[in-house]
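Chemist: build me a model from this:
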Amino acid sequence: MKESLRYALLEAQLELARQASRSVVLVVTGHAAAGKTALINELNHRLENRLTEVHALAPSSEERERPYWWRYWRRLPARGRVGVFVHGWYGDALFARTEQRLGEGAFHDRLAEIRAFEAELAAENVAIVKLWLDIDRDVQGRHLKALWHDPERAWQVKDHDWQRHLQYHALDALGREMREATEADHAPWLRLAGGPEETPIKALAQRLVAAMAGPLPDVESPLTTPTAGIGAPPRLSDLDAASPEAMDKATYRERLKEAQARLAGNAREIQRRRIPVVLAFEGQDAAGKGGCIHRLTSALDARQYRVHRIAAPSEEERAHPWAWRFWQRLPLDGRVAIFDRSWYGRVLVECVEGLAEPAAWRRGYDEIRRFERQLLAHGAVLGKLFLAVDKDEQLRRFRARAETPHKRHKLTEEDWRNRERWDDYRRAIDDIFVHTHDVDGGWALIDANDKRRARLAVLDHVNRLLEARLAEPR
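Modeler: Sure, this is the predicted structure:
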């Protein structure tokens, strides 16, 4: 590599870190013995290592106990940094299809997931560079034999390298199909010749400089339309009729004890069968989410669950794509993750308050549905509960909080400001139901005007979700 290009690469990376307005993801894949390791090592010598992270992944037991994409979401570089993935999601798909671990339909489904994943990253200012290293089959065979017979380099050749040499033509054809299916303006492929006689570092460095310093391509963000044929979504107006009278305390306590005992039994079986559970609680201010969650967790083993209270994103979270902080919090198989407010803030608070650009929250519907489908595909139980109160009941609770010393901290200026936009929030909530109510991830709309009835309704809904899953054939 010419010194001028080497300095240009380093300067582009340092400027990338100074501006911290984008991150760069490099995926290096291709044929065996094409020089991927040597190329990445050479690239590392040219880059600032403190700003670069290299990932060569074999899935760990922890990763197998979470949805497939978790392993990649959690390793995405923050803005200002470069993440290098050896094979990455492309190697997973390619080798699984070659070895018949993925059927043809599942392979095409994975490619569609890859296209959506990369579009989501690109829309969040992630510059994507994808490199395929080619090598002639005969050259590959000679190179593997030369390495194998060299005592100092024989360790570089693994059993799977010989296997991939035997599968060369299948890998080549599938690689071509994979590249064609995932080519995009925001994630183009760079195809270079590799092998012992090739030095593709110059072309790769030029592409990286462009990714670090060049203009970012536009990413189309189509509006989501409601899915037909999944049943009518709930609407807040469904609760506009007068709520039933308040439940007396004695009846409540007896029913609460029964519901919690039922939940404790279901939760033990869920843990035994290694089924993950994700519960998302949304609701109007003062609707009682915290109280419902407390009654729920009182029936669970403290080692089995974690409650995530979602507020404004931290500095670290803002440095990553929007969905990153939710992927970070997903539970292991057999565990329960409870979100007190959730990813729906993207299309609720951020939408109504103008905290996100219109293009961002509009594409949020697609991103949310895709995220939830991936949870379900992994086998998670997904519960989405919205607690609703009417405007008069909310005012009564606000005033009660203001007058109660140990509850005053719960009432903020933001709560009063949100109340002034009551009708805007109602419209946004109904839009959420329309766009994200699905057969396996449907919404439970809870009338929360009476706290006791609401808590029992939440417990009953969660119990029914768990019991429905436990009744399925293993």
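Chemist: now the element after the helix or strand D138 falls within, going C-ward?
Modeler: Remark: D138 resides in helix 137-148, with elements defined by DSSP states H and E. Toward the C-terminal end, the helix or strand that comes next after helix 137-148 (DSSP H and E) is helix 159-166.
Chemist: what packs against that next one?
Modeler: Taking 3 or more C-beta pairs under 8 Å, 6 or more residues apart in numbering; DSSP states H and E as the contact definition, the neighbouring helices and strands of helix 159-166 are helix 137-148. From N, CA and C alone the C-beta is placed, and that goes for glycine too.
Chemist: so for the helix it packs on, mean pLDDT?
Modeler: On average, the pLDDT along helix 137-148 is 94.
Chemist: any idea how far A119 is from L5?
Modeler: Computed as C-beta to C-beta, to the nearest Å, the A119 to L5 distance reads 30 Å.
Chemist: which one's more surrounded, those two?
Modeler: Ranked by neighbour count (other C-beta atoms under 10 Å), A119 and L5 place A119 first, with 20 against 15.
Chemist: give me the three-state assignment for that one.
Modeler: State at A119, reduced to three classes by DSSP: H, G, I helix; E, B strand; the rest coil: helix.
Chemist: what's the pLDDT at the closest residue to it other than its chain neighbours?
Modeler: Computed as C-beta to C-beta, 6 or more residues apart in numbering, the closest residue to A119 that is not its neighbour in sequence is V219, at 5.6 Å. pLDDT recorded at V219 is 86.
Chemist: do W73 as well
Modeler: Confidence at W73, expressed as pLDDT, is 98.
Chemist: just P244 next, same as before
Modeler: Per-residue confidence (pLDDT) for P244: 80.
Chemist: need the contact list for E118.
Modeler: Taking C-beta atoms under 8 Å, 6 or more residues apart in numbering as the contact definition, E118 lies against 128, 182, 184, 186-187.
Chemist: re the thing from before, isn't there a helix covering the residue nearest to A119?
Modeler: No: with three-state DSSP as the criterion, V219 is located in coil rather than a helix.
Chemist: I figured it hits H186, correct?
Modeler: Yes: in this structure, V219 is within contact of H186 by C-beta atoms under 8 Å, at 5.0 Å.
Chemist: pLDDT weak spots in this structure?
Modeler: Along the chain, the model assigns pLDDT under 70 to residues 1, 220-230, 242, 439-440.
Chemist: domain ranges for it?
Modeler: With domains defined by automatic domain parsing, the chain comprises 3-213, 236-470.
Chemist: now the end-to-end length of stretch 236-255.
Modeler: From the first residue to the last, stretch 236-255 extends over 26 Å; the measure is C-alpha to C-alpha, to the nearest Å.
Chemist: start the count at 14 instead of 1 going forward.
Modeler: Fine by me, first position is 14 from now on; the one you just mentioned is stretch 249-268.
Chemist: buried stuff in it?
Modeler: Of all the residues in stretch 249-268, those buried under the rule 16 or more other C-beta atoms under 10 Å are 249, 252, 256, 260, 265, 268.
Chemist: those in helices, which ones?
Modeler: Secondary structure assignment (DSSP state H) places 265, 268 from the buried residues of stretch 249-268 within helices.
Chemist: the stretch 14-163 of the chain: strands as residue ranges?
Modeler: Secondary structure of the stretch 14-163 of the chain by DSSP state E, counting those that start in this stretch: the strands cover 36-43, 65-68, 95-99, 139-147.
Chemist: could those go into a markdown table alongside distance to R382 and mean neighbour count?
Modeler: Shown next, in a markdown table, are the strands of the stretch 14-163 of the chain (distance: least, C-beta to C-beta, whole Å; neighbours: other C-beta atoms under 10 Å):
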| stretch | distance to R382 | mean neighbour count |
| --- | --- | --- |
| strand 36-43 | 23 | 25 |
| strand 65-68 | 27 | 17 |
| strand 95-99 | 25 | 21 |
| strand 139-147 | 20 | 22 |
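Chemist: would CSV of the ones you listed with distance to M225 be doable?
Modeler: What follows is the strands of the stretch 14-163 of the chain, written out as CSV (distance: least, C-beta to C-beta, whole Å):
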stretch, distance to M225
strand 36-43, 6
strand 65-68, 11
strand 95-99, 8
strand 139-147, 7
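Chemist: now, among the buried residues of stretch 249-268, which is nearest to Q219?
Modeler: The shortest gap between Q219 and any of these belongs to L249, at 54.7 Å (C-beta to C-beta).
Chemist: check which helix or strand the nearest residue to the closest one once chain neighbours are set aside maps to.
Modeler: In this structure, L249 finds its nearest non-sequential neighbour in R439, 5.4 Å apart by C-beta to C-beta, 6+ apart. Under the criterion of DSSP H and E, R439 resides in helix 435-449.
Chemist: same for the helix or strand following that helix, what does it pack against?
Modeler: Downstream of helix 435-449, the next assigned helix or strand under DSSP H and E is strand 456-460. Packing partners of strand 456-460 (3+ C-beta pairs under 8 Å, 6+ apart): strand 394-401, helix 435-449, helix 464-483.
Chemist: now the helices for the stretch 264-413 of the chain?
Modeler: Using DSSP state H, counting those that start in this stretch, the helices assigned to the stretch 264-413 of the chain run over residues 302-310, 328-331, 337-340, 362-365, 371-391, 404-416.
Chemist: all the strands of the stretch 214-363 of the chain, residue numbers only.
Modeler: In order along the chain, the stretch 214-363 of the chain carries the following strands (DSSP E, counting those that start in this stretch): 290-296, 318-322, 349-353.
Chemist: residue contacts, the residue nearest to F399 when sequence neighbours are not counted?
Modeler: The spatially closest residue to F399, leaving aside those adjacent along the chain, is E295, at 4.9 Å (C-beta to C-beta, 6+ apart). Contacts of E295 were listed using C-beta under 8 Å, 6+ apart, and they are 302, 354-355, 357, 361, 397-400, 445.
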